[in-house]
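# structure for this input, please:
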Amino acid sequence: MIHGPCGNLNPTNVCMTKQGNCRSRYPQTVSSITTYGKNSYPKYKRRDDGEKIVVRGATLDNRWVVPYNSYLVAKFDCHINIEICSTIKAVQYNGHDRIAFNISVNNEHNQVHEIDNFQSARWISPPEAMWRIYGFILNEIHPTVYSLQLHLEDKQLVTFKKSDSLSNVLRSDLSSRTMLAKFFRLNKSNNQAQTLLYKNIPEYFVWDQTNKIWTARKRDNVIGRIVIAYPTEGERYYLRLLLNHIKGATSFDDLKFFNDVKVGSFRESTRLYGLLDSNNTLE
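Numbers count the residues shown, from 1 in each chain. Presented below is the predicted three-dimensional model:
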């Protein structure tokens with residue numbers, strides 16, 4: 001199974017983007033072993049053995065071979081692209097089953113306006129209906145996923161009751177005791193915390209909601225995940241990138257240091273750390 005050709009060999013191929021790149025990332029690079037990085041596509045072993053084949057007038061080598069399973073190709077006698085799907089991000093949740101329907105009166109003299117009457121609704125089959133009626137478990141999350149707060153310095157969300165005095169709220173230090181702020185504080189005094197990323201803290205520590213501090217975890221298995229941030233959010237997005245890769249930070253400013261030199265922004269810091277060099281920067 002050979003891809004293309006595309007790229008410089010055939011710029012008008014259907015796989016080409018407006019930027020002049022192949023959507024399927026061909027030609028691939030040759031490699032003596034199969035490797036795969038964190039949250040990225042696998043890079044399969046591709047021998048640089050000098051063998052070539054002519055396809056549609058272009059001379060192609062192993063870099064153009066599409067990953068396949070020889071047994072399935074022979075069994076079904078067709079082209080089948082087989083690649084590893086790894087990490088939970090490969091799973092897509094499409095929601096409930098749905099049905100398209102319309103309601104009409106049995107009157108042959110009325111013209112049916114299908115577009116006007118069209119409705120899309122959730123479809124509950126009899127087995128699912130009975131399952132819900134009897135109150136059986138529909139889903140389960142194990143281990144528990146703990147959402148970790150993300151905010152820039154002094155930009156945290158503050159909640160208070162309508163009856164609270166605003167001046168008292170502003171004077172109280174409770175609003176500054178966020179998960180992230182206390183994570184920095186924890187790194188100053190706890191050697192174990194210094195070896196962990198922010199997202200790994202809930203595996204070993206538990207958040208005391210009353211006193212707003214991190215304490216050592218004694219039971220239960222929990223994993224953490226920093227709440228999402230998008231590139232359009234600027235510095236908050238770059239802060240998330242740094243927290244997902246840098247250990248032992250004791251303050252917001254700590255994350256702006258690279259080789260003992262402080263830079264002016266989280267974005268600059270992520271660039272120097274090389275976190276913007278790949279397409280897998282959301283995590």
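# what does stretch 14-29 rub up against?
The contact list for stretch 14-29 (CB atoms under 8 Å, 6 or more residues apart in numbering) reads 3-4, 6-7, 11, 13, 41, 43-44, 46, 60, 63-64. (Each C-beta comes from the backbone N, C-alpha and C, glycine too.)
# which one among those gets closest to residue 187?
Sorting the contacts of stretch 14-29 by how near they are to residue 187, with CB to CB, puts residue 41 at the top with 33.8 Å.
# wait, the closest one touches residue 83, no?
Yes. Between residue 41 and residue 83 there is a contact at 7.2 Å, judged by CB atoms under 8 Å.
# which residues do the two both contact?
Between them, residue 41 and residue 83 share no contacting residue under CB under 8 Å, 6+ apart.
# which one of those two has more residues nearby?
Remark: of residue 41 and residue 83, residue 41 carries more neighbours, 17 against 12, as counted by other CB atoms under 10 Å.
# residue contacts, the more buried one?
25, 83.
# quick check: it vs residue 64, distance?
Distance of residue 41 to residue 64, computed by CB to CB, to the nearest Å: 16 Å.
# just residue 267 next, same as before
According to CB to CB, residue 267 and residue 64 sit 37 Å apart.
# pLDDT below threshold where in the protein?
37-40, 85-95, 102-118, 278-283 (pLDDT under 70).
# how about the strands in the chain?
Ranges of strands in the chain, per DSSP state E, are 35-36, 42-43, 53-55, 58-60, 98-101, 119-122, 144-148, 205-208, 213-216, 222-226, 257-258, 261-262.
# need those in CSV (columns: distance to residue 238).
Shown next, in CSV, are these (distance: least, CB to CB, whole Å):
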stretch, distance to residue 238
strand 35-36, 26
strand 42-43, 27
strand 53-55, 43
strand 58-60, 40
strand 98-101, 38
strand 119-122, 39
strand 144-148, 16
strand 205-208, 24
strand 213-216, 24
strand 222-226, 13
strand 257-258, 13
strand 261-262, 15
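# quick revisit: which one of residue 267 and residue 64 has more residues nearby?
Between residue 267 and residue 64, counting by other CB under 10 Å, residue 64 is the more crowded of the two (23 against 19).
# rewinding a little: need the buried ones from the contacts of stretch 14-29 selected in ChimeraX.
A single ChimeraX command selects the buried members of those (16 or more other CB atoms under 10 Å):
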select :3,4,6,7,13,41,43,44,46,60,64
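# what's the farthest-apart pair in the contacts of stretch 14-29?
The widest separation within the contacts of stretch 14-29, taken as CB to CB, falls between 11 and 44 and amounts to 25.6 Å.
# tell me the contacts of the residue nearest to residue 217 when sequence neighbours are not counted?
Nearest non-adjacent residue to residue 217, counting by CB to CB, 6 or more residues apart in numbering: residue 206, 4.8 Å away. Contacts for residue 206 (CB under 8 Å, 6+ apart) come out as 214-218, 222.
# drop anything exposed from these.
214, 222.
# let me have the contacts of residue 206 in TSV, extended by distance to residue 249.
Below are the contacts of residue 206 laid out as TSV (distance: CB to CB, whole Å):
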residue	distance to residue 249
214	14
215	20
216	20
217	21
218	26
222	21
